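K.L.:
just a sequence and a predicted model for now, questions to come.
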Amino acid sequence: MSDQPRLTPKSQRTRARILDAAMRLFAERGYGPVTNADIADVANLTRGAMLYHFPTREALVEAAVAHIQAARTALFEAAFDKPHQDVDTAEHVIDIYWALLHELPFLAFRSLEAAARSDAALQTLLTPALEEFDRAEMGVATPGMLQAGSGPRLQASRDLARFALEGLALAKLTYDADGRAERLIAVIKRATHMLNRRGAGHGLWND
């Protein structure tokens, strides 16, 4: 479009610097407190240079959502592309996802999700990324984990592990945080195994 800067290699690098700075600040400070001026400072740019690339807050946020989602996807796919012989597949998936939840793109996206609860415009921007991750990216991890086949019970197995981990990542544990998290993850793994077994749900699932 005519009102957008020409995307030369130099301008692409500058845009990437801005979006990396936005991702870092959203992860560290949350979405609401971070201004475009803060992002320009962290990117080591003048305000004029920032406005040249992103003249409005809306333009910056739209690009930042896409940038954060792309970074999250790249980390996710790279993590599950590695061989994992001689380990339990379900536990391997759970351990990987728990680690990913503490990586910068996931932290930044989490801040956006929290802000979107009271920001309809931001929620509109986030919804496609949420749907993409739910339908496509989570499928990268789960074929090996869902060893008993497909269906509602196995979907519940995936959702139990995923959303329990995401909730735990949000929890503010005030004492013995590492120990409590470790014990809860062990319970998540056992419940996932029970749901993944063929046949009865072992008390966790009503057929």
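P.N.:
Noted; the coordinates are in hand.
K.L.:
avg pLDDT for stretch 14-31?
P.N.:
Taken as a whole, stretch 14-31 carries a mean pLDDT of 97.
K.L.:
for it, C-alpha coordinates in PDB please.
P.N.:
Taking only C-alpha atoms (Å, rounded to 0.1, in the frame of the first residue of the first chain), the coordinates of stretch 14-31 have been written out as PDB:
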ATOM      1  CA  THR A  14      14.500  -2.500  11.300                       C
ATOM      2  CA  ARG A  15      11.000  -3.800  11.500                       C
ATOM      3  CA  ALA A  16      12.300  -7.000  13.000                       C
ATOM      4  CA  ARG A  17      14.200  -5.100  15.700                       C
ATOM      5  CA  ILE A  18      11.000  -3.200  16.600                       C
ATOM      6  CA  LEU A  19       8.900  -6.300  16.800                       C
ATOM      7  CA  ASP A  20      11.600  -8.200  18.700                       C
ATOM      8  CA  ALA A  21      11.600  -5.300  21.200                       C
ATOM      9  CA  ALA A  22       7.800  -5.400  21.400                       C
ATOM     10  CA  MET A  23       7.800  -9.100  22.100                       C
ATOM     11  CA  ARG A  24      10.400  -8.800  24.800                       C
ATOM     12  CA  LEU A  25       8.600  -5.900  26.600                       C
ATOM     13  CA  PHE A  26       5.200  -7.600  26.400                       C
ATOM     14  CA  ALA A  27       6.800 -10.700  28.000                       C
ATOM     15  CA  GLU A  28       8.600  -8.800  30.700                       C
ATOM     16  CA  ARG A  29       6.200  -6.000  31.600                       C
ATOM     17  CA  GLY A  30       2.800  -7.000  30.200                       C
ATOM     18  CA  TYR A  31       1.000  -5.500  27.300                       C
END
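K.L.:
centroid-nearest residue for the chain?
P.N.:
Taking CA atoms, centre = their mean as the criterion, residue 106 is the residue nearest the geometric centre of the chain, at 3.5 Å.
K.L.:
in the helix or strand that residue falls within, which of the residues would be classed as buried?
P.N.:
Here residue 106, judged by DSSP states H and E, is contained in helix 104-116. Counting neighbours by 16 or more other CB atoms under 10 Å, one finds that the buried residues in helix 104-116 are 104, 105, 106, 107, 108, 109, 110, 111, 112, 113, 115, 116. Placement of C-beta: from N, CA and C, glycine included.
K.L.:
picking up where we left off before, what distance do you get for the residue nearest to the centre of the chain to residue 46?
P.N.:
To residue 46, residue 106 is 31 Å away according to CB to CB, to the nearest Å.
K.L.:
quick check: mean pLDDT across the host helix or strand of residue 69?
P.N.:
For residue 69, the enclosing helix or strand under DSSP H and E is helix 57-80. When pLDDT is averaged over helix 57-80, the result is 93.
K.L.:
so where do the helices sit in the protein?
P.N.:
Remark: helices of the chain, listed N- to C-terminal, are 9-29, 36-42, 47-53, 57-80, 89-100, 104-116, 120-132, 138-145, 152-170, 177-196; assignment by DSSP state H.
K.L.:
can I get those helices in TSV with distance to residue 206?
P.N.:
Rendered in TSV, the data for those read as follows (distance: least, CB to CB, whole Å):
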stretch	distance to residue 206
helix 9-29	40
helix 36-42	50
helix 47-53	55
helix 57-80	31
helix 89-100	21
helix 104-116	31
helix 120-132	28
helix 138-145	22
helix 152-170	10
helix 177-196	12
